[in-house]
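Chemist: any chance you can model this:
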Amino acid sequence: MSDLPFTAPTKTSGRVILVATIKAKAGKGDEVLPYLAAIRKLAESDQEKGTHTFDLPTLVSLDEELDGDSDVFVVFEEYSLPNGIKDHVFAAPFQALGGSGLIADLDIKYYSEFDGDAKTLHA
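Modeler: Numbering: from 1, shown residues only. Below you'll find the predicted structure:
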């Protein structure tokens, strides 16, 4: 998955949970929303079979620096590996957002589902 435009997960099979924090350029959040809506629509369709979750909540933060910031979006996603993320990222709506020039920063963090066994929580 090294051809992704961001650091790929180290895990190569099974499922991965991805949390993306997207920061639009100052004052451009409203322009980003239609792109995110198109991305979500495709992610929730049968066309992205490797996408299991694409949640885009409204930001309500205890961090005063971010609270109510309409230029910051947090997306919770879950994919089947190895191709779920690739299929999502290389789809037209994601590429359109990437080429829009509206994004100031993109931070991606990967997680695994906790299986209930405390021994494997930090493995």
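
Chemist: only C-alpha atoms from now on, for both contacts and neighbour counts.
Modeler: Noted.

Chemist: top helix in this protein by residue count?
Modeler: As far as residue count goes, and with DSSP state H defining each element, the longest helix of the chain is helix 29-43.

Chemist: which secondary structure elements does that one contact?
Modeler: In terms of contact count using 3 or more Cα pairs under 8 Å, 6 or more residues apart in numbering; DSSP states H and E, helix 29-43 is assigned the packing partners strand 51-55, helix 92-98.

Chemist: bridging residues for the spatially most central residue of the chain?
Modeler: Note on the chain: the residue nearest the mean C-alpha position is A20, at 4.0 Å, using Cα atoms, centre = their mean. For A20, the residues forming beta bridges with it (DSSP bridges) are V75, I108.

Chemist: just checking, it touches V75?
Modeler: Yes. With the criterion set as Cα atoms under 8 Å, A20 and V75 qualify as a contacting pair; they are 5.1 Å apart.

Chemist: K41 and V72, how far apart?
Modeler: The spacing between K41 and V72, counted by Cα to Cα, to the nearest Å, is 20 Å.

Chemist: what do you get for P34?
Modeler: Relative to V72, P34 is positioned 14 Å away (Cα to Cα).

Chemist: over to P82?
Modeler: P82 sits at a distance of 28 Å from V72 (criterion: Cα to Cα).
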